[in-house]
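[1] Predicted model and sequence follow; I will ask about them next.
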There are 4 protein chains.
Amino acid sequence: MAVRAAVAGASGYAGGEVLRLLLAHPEVEIGALTGNSNAGQRLGTLQPHLWPLAGRVLAETTADSLAGHDVVFLALPHGQSAAVAEQLGPDVLVIDMGADFRLRDAADWEKFYGSAHAGTWPYGLPELPGARTALTGTRRIAVPGCYPTAATLALLPAYAARIVEPEAVIVAASGTSGAGKAPKPHLLGSEVMGSMSPYGVGGGHRHTPEMMQNLGAVAGRPVTVSFTPTLAPMPRGILATCSAKAVAGVSAQAVRAAYEKAYADEPFVHLLPEGQWPATAAVHGSNAVQVQVAYDEAAGRVIAISAIDNLTKGTAGGAVQSMNLALGLAETTGLSTIGVAP
Amino acid sequence: MAVRAAVAGASGYAGGEVLRLLLAHPEVEIGALTGNSNAGQRLGTLQPHLWPLAGRVLAETTADSLAGHDVVFLALPHGQSAAVAEQLGPDVLVIDMGADFRLRDAADWEKFYGSAHAGTWPYGLPELPGARTALTGTRRIAVPGCYPTAATLALLPAYAARIVEPEAVIVAASGTSGAGKAPKPHLLGSEVMGSMSPYGVGGGHRHTPEMMQNLGAVAGRPVTVSFTPTLAPMPRGILATCSAKAVAGVSAQAVRAAYEKAYADEPFVHLLPEGQWPATAAVHGSNAVQVQVAYDEAAGRVIAISAIDNLTKGTAGGAVQSMNLALGLAETTGLSTIGVAP
Amino acid sequence: MAVRAAVAGASGYAGGEVLRLLLAHPEVEIGALTGNSNAGQRLGTLQPHLWPLAGRVLAETTADSLAGHDVVFLALPHGQSAAVAEQLGPDVLVIDMGADFRLRDAADWEKFYGSAHAGTWPYGLPELPGARTALTGTRRIAVPGCYPTAATLALLPAYAARIVEPEAVIVAASGTSGAGKAPKPHLLGSEVMGSMSPYGVGGGHRHTPEMMQNLGAVAGRPVTVSFTPTLAPMPRGILATCSAKAVAGVSAQAVRAAYEKAYADEPFVHLLPEGQWPATAAVHGSNAVQVQVAYDEAAGRVIAISAIDNLTKGTAGGAVQSMNLALGLAETTGLSTIGVAP
Amino acid sequence: MAVRAAVAGASGYAGGEVLRLLLAHPEVEIGALTGNSNAGQRLGTLQPHLWPLAGRVLAETTADSLAGHDVVFLALPHGQSAAVAEQLGPDVLVIDMGADFRLRDAADWEKFYGSAHAGTWPYGLPELPGARTALTGTRRIAVPGCYPTAATLALLPAYAARIVEPEAVIVAASGTSGAGKAPKPHLLGSEVMGSMSPYGVGGGHRHTPEMMQNLGAVAGRPVTVSFTPTLAPMPRGILATCSAKAVAGVSAQAVRAAYEKAYADEPFVHLLPEGQWPATAAVHGSNAVQVQVAYDEAAGRVIAISAIDNLTKGTAGGAVQSMNLALGLAETTGLSTIGVAP
């Protein structure tokens, strides 16, 4: 008896990616697909790669069109998820791929998003301590942001082992799909091919408080984050270069040991052999995370670098991974660790 | 009881792609992996995206290392497959992803490859008339070239319906993985990003006689091909723009009807709705083929365009599709029509 | 005493490129810059690469703002140039980088553009027979389309020498800047990186009648053109792969001789040595044209391939080259044949 | 009377770029071009974009072939410049684009390069305090590394104004041409397109001591640098994201003021208006440097970001800028601040 899933916001990049994954999920049957400005159009025109669904027509995103499903994925602009979720009832598993329910601190929400805080749902990053327990059986999941997923998994072992100071510097390069499908001049192919540029510099990016929330929870004390995102000339992928000062007495061996211990049993996080570095191409289209760490003795810093696919592990893959936990399925069901390379 | 498969030439792009597909194939267990210059190295270093096989070490490509498998995929430089195949015995399914056994005409082989012709094996393009019968139960398969796969599937319905003259003009753009993994200056990222260039112009490309063989077989008479390949700044994908003069009396409706008839039941070939054009991104990593056709009345030509992934349907996916037929499995087993986009 | 030049439509790709070239032109002083939706904005925000003009603010495109210049470049949507040109008076050199005045045949214009024909101005492709005479001293110039520039220069020697039949097949790959700066979903970086796709297939592209006009003039009889444009994952560049059947009795030597004769004295067109093929990267940002030709004896076709930068020789560089002729300056003034590579 | 210049290593990316710039330099005449493995080949094959030099044939790199020039640019593997320079005599201006003479500290050289230190030449970064004086009239110039150029110019005003602590964190993304033209598997287009990856992590990159030398000189005390380079999918460009903790009492206004003061009169360094961020595309092919700075109050860090073209300002443009100073020419002669965009 298949799990019946609907996707609200099926025409965008997050919606398309969750559909790509659900098509390969053995326990899921795809139900309603909805959109707003694209309602009434064939999915074959909007998402030509999703061939088996080409003939499907998008419905309006309403409580009616989303009714009657076991799981509803929300890929909506922020601020719209609460209203939809309320109408779906407490027995439906609602998985919000937007930002609305990620932050615990209402003041943070209001500062970074400028609206009233909708609440906090169980946070869909199973690799965080305690997260698997919180996700099992839940009917509400807040999927992490793509940058916080990459940065948290890069630094988690260092903060868990208390080998670094609580001030992190994070510089991340993202593929352009992270900026969404709404056409804007600076996202044109002509502008992004052959160019790197930063944005939201100086603490303004909305993913900053989410990183501080995650790393602070791991560290057991507040962690300050200096975060600079950059736009890279590639469709997918995040490479997060993260560092923090090592605490006194740390050795390269201790750093390595902390990472080996943290990720020994994680199905999706791959600590690379020493000397091999993450590459976004290697995780393209997969739920895998590549992590590597080095101790720069001269600078006194631990450098941890992760590569994810921003649409898969960074959004839709993380959503399906958490869905599996919520529904009592094996966590890796329908998810691949094999990237499409070259 | 799983089919046990070995891959000779596992460090290259074709070998890596067949392994990516076999990892997702429910009936196959991956056995020996071999290489030449890379023998002794971990696959994790050579193909970092194939995480589940990261710890495997490449053996030398010898009869011994390849013995004891049900299927052996050969991803070798041309001229080397015959010797290996002979040693494997007639009961092993040998699938050659190189060129050695594709051509029927020994003179063509000698002219284009400059060596003695090794022979002709059943040709692994199931969409050709009669091919499924020939492939069922066979123990030798010659996998088509990537350009011939794209061009043949673009023009097959036109020649089958005899609506075009036997002189085709084919201009195709290929991603750089088609040129292989051996490092050469003109294949450096610095050289190919932001650039388009042709090569092998004027009839010299080795895939030309293979296209003529396929289209001639479909048309029931010799077909001349003018083929110009170009290198495009993308890792994967072929876009083949093919045309031929329409025979007298042809209408746009007749052209459309010929294509609808030819591909109504093909599981991997998708004739797009009128007005929608193929894009290589839509088939990225999948075994799907997008086809569209138009009749240019002013020029009197039928224009047929196809998009494939050169490594999947163009090489390793076509190999697995044919393997399925040879082994009596459902033709689509382990193969996806869903591209990884964007 | 400098030539004073205004640019109408300075915020787009054509306007930006003409400004880039004029900044390096020793005889030109840059006057008014105008826009429509962007009027009132600093050029530094709209065209951050044009540093010396960063503080300039765009005026509205009106007769007043464009008055008082020796030369006015129009980079406007088609249909708007005639009205502006009328107001500028007959002594001002008006250079239209749009399509309005390219076609001689009013019926062609109406069929492809769906509006009334505005007229025909001297055509700014100096390499065409008689064009330099027509351009010298003129006060109105219609700059050719980018695809017609590439295709005409590829096939011109073959038609001039009457060695090919009057039916040409042209498949061209263009960088995305050819599609302009107005943001549309299919032009997003996420969509175009890693993908090739065709558009306007089957004779529908508006550059088709312009190619027929040019090649017909060279051949001295009507030439039919089958033209398929494709979008390539690069910001700039056109690679035009053109072919036509050779007439009876043609030899490879005769083909080569025709091309050597045609381009021996052209300052911007470089016939490459035999065996070397054009690449768009080699002409990036320059007014150079790379051309190569081959005779495919088996297919009986002459294959001619050209590479240009669509924004330079294909638009703004061609405009400046023609301006030089109109003003009596040396044709190459301010123009480079040196591409920015890699 | 033209300055006569030779280029040793004319077939690589640095050599090609210096030739591109010298072709546009009004005071320079290009003399001998030399190579090693490519000696005897036409430049037209090796550097097809440098059309005016296409017929030149590379000589062997010897004292004889380089004799008789006013300026000799060395684009050689490190360790080879000293021997060549000695033979050229003290009156020839020798400009080393390699690393041999950049470092003052012999121990640093030996640690990072593993060979004996050849010495220290005047350092060709005119924007450093005192550098213009040191370069004027010199006959030996050590051209800075590309990453140190970008990072130094991003952080120079902060260290000059003593508003940041002496521990810098630098994460930089570079185009692939920075890795040179020698073909290696990880630099293939198939590998780099669509991928970001780091390398030389943990303090190992040879440009780290050069950054410390520059920033320490500006700060007047030792500065520790944590440097992580990443490879970005673009041919050219460096985006350097640099940060350091602000000293107590710093305000956003003070940060801005420091940058405005430092770069008010620099001809190539452009401090962008507040809110506009650097992009490598905007400086493509030009000697311009885009800089922006922000003060992240929550994290207590100053974030300074620069964009350069690694081959122009990062190598060959910086070399020509320093040559101009050495020869008493205007510093900007033959150099452009106008990028080729899009």
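    That came in fine, so what should we check first? Numbers count the residues shown, from 1 in each chain, chains lettered A, B, ... in the order given.
[2] Around A:Gly220, how many other residues sit close by?
    Residues lying near A:Gly220 (other Cβ atoms under 10 Å in any protein chain shown) number 11. The way it works is simple: take the backbone N, C-alpha and C, and place the C-beta from them, glycine included.
[3] what residues are up against it?
    For A:Gly220, the contact set (Cβ atoms under 8 Å, 6 or more residues apart in numbering or on different chains) is empty.
[4] Next to chain C, which bits of chain A? Give me the list.
    Applying Cβ under 8 Å from any Cβ of the partner chain, we find that chain A lies next to chain C at A:13, A:175-177, A:179, A:181, A:183-185, A:187-194, A:233-235.
[5] Relative to chain C, how far out is A:Asn38?
    Using Cβ to the nearest Cβ, to the nearest Å, A:Asn38 is found at 10 Å from chain C.
[6] Please look at that residue and A:Leu46 and confirm they touch.
    Yes: using Cβ atoms under 8 Å, A:Asn38 is in contact with A:Leu46, at 5.9 Å.
[7] Which among the residues of chain A next to chain C count as buried?
    With neighbours counted using 16 or more other Cβ atoms under 10 Å in any protein chain shown, the residues of chain A next to chain C contain these buried positions: A:13, A:175-177, A:179, A:181, A:187-194, A:233-235.
[8] Spell out which residues are contacts of both of A:Asn38 and A:Leu46.
    Joint contacts of A:Asn38 and A:Leu46 (Cβ under 8 Å, 6+ apart) are A:Ser11, A:Leu58.
[9] follow-up on the earlier one: mind checking which of the residues of chain A next to chain C are in helices?
    Per DSSP state H, helices hold the following members of these: A:Tyr13, A:Gly189, A:Ser190, A:Glu191, A:Val192.
[10] Provide a list of residues in contact with the closest residue to A:Pro342 other than its chain neighbours.
    With sequence-adjacent residues excluded and distances taken as Cβ to Cβ, 6 or more residues apart in numbering or on different chains, A:Pro342 is closest to D:Ser190, at 4.1 Å. Neighbouring residues of D:Ser190 by Cβ under 8 Å, 6+ apart: A:Pro342, B:Tyr13, B:Gly175, B:Thr176, B:Ser177, B:Ala179, B:Lys181, B:Leu187, B:Pro235.
[11] same thing with A:Leu76?
    By Cβ under 8 Å, 6+ apart, the residues touching A:Leu76 are A:Ala8, A:Gly9, A:Thr61, A:Val84, A:Asp96, A:Gly98.
[12] Columns neighbour count, distance to B:Thr312 and pLDDT on top of those residues, output as a markdown table?
    Formatted as a markdown table, the contacts of A:Leu76 follow (neighbours: other Cβ atoms under 10 Å in any protein chain shown; distance: Cβ to Cβ, whole Å; pLDDT from 0 to 100):
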| residue | neighbour count | distance to B:Thr312 | pLDDT |
| --- | --- | --- | --- |
| A:Ala8 | 29 | 31 | 98 |
| A:Gly9 | 26 | 29 | 97 |
| A:Thr61 | 23 | 34 | 96 |
| A:Val84 | 19 | 37 | 93 |
| A:Asp96 | 28 | 34 | 98 |
| A:Gly98 | 20 | 33 | 96 |
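[13] of all the residues you listed, which comes closest to chain C?
    Of all the contacts of A:Leu76, the one with the least separation from chain C (Cβ to the nearest Cβ) is A:Gly9, at 15.0 Å.
[14] How many residues are close by the nearest residue to the closest one once chain neighbours are set aside?
    Closest residue to A:Gly9 apart from its sequence neighbours, by Cβ to Cβ, 6+ apart: A:Ala75 at 3.3 Å. A count of neighbours around A:Ala75, defined by other Cβ under 10 Å, yields 29.
[15] per-domain residue ranges of chain A.
    A:3-143+A:314-327, A:147-308 (the TED database).
[16] pLDDT below threshold where in chain A?
    Filtered on pLDDT under 70, chain A yields the residue ranges A:1.
[17] all helices of it, in order?
    A:13-23, A:43-46, A:63-66, A:81-88, A:106-113, A:131-135, A:146-160, A:189-192, A:208-219, A:252-263, A:317-327.
[18] near chain B, which residues of chain A show up?
    Counting by Cβ under 8 Å from any Cβ, chain A sits next to chain B at A:13, A:16, A:20, A:23-24, A:42, A:44-45, A:47-52, A:54, A:177, A:193-194, A:235-236, A:270, A:272-273, A:276, A:279, A:281-286, A:288, A:290, A:336-342.
[19] Farthest pair within the ones in helices among the residues of chain A next to chain C?
    A:Tyr13 and A:Ser190 (19.5 Å; Cβ to Cβ).
[20] rewinding a little: now the contacts of A:Leu76 as TSV including distance to C:Val28?
    Putting the contacts of A:Leu76 into TSV (distance: Cβ to Cβ, whole Å) gives the following:
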residue	distance to C:Val28
A:Ala8	55
A:Gly9	51
A:Thr61	55
A:Val84	58
A:Asp96	57
A:Gly98	51
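[21] For chain B, give me its nearest residue in the stretch 51-200 of chain A.
    A:Trp51 (4.6 Å).
[22] for the residue lying closest to that residue once chain neighbours are set aside, what are its contacts?
    In this structure, A:Trp51 finds its nearest non-sequential neighbour in B:Thr337, 4.6 Å apart by Cβ to Cβ, 6+ apart. Applying Cβ under 8 Å, 6+ apart to B:Thr337 gives the contacts A:Trp51, A:Pro52, B:Pro267, B:Phe268, B:His270, B:Ser286, B:Asn287, B:Ala288.
[23] same thing but at 10 Å, please
    A:23, A:49-52, A:54, B:267-270, B:283, B:286-289, B:313 (Cβ atoms under 10 Å, 6 or more residues apart in numbering or on different chains).
[24] One more: A:Pro235?
    A:13, A:175-178, A:189, A:192, A:284, A:309-311, B:281, B:284, B:340-342, C:188-195, C:233, D:194.
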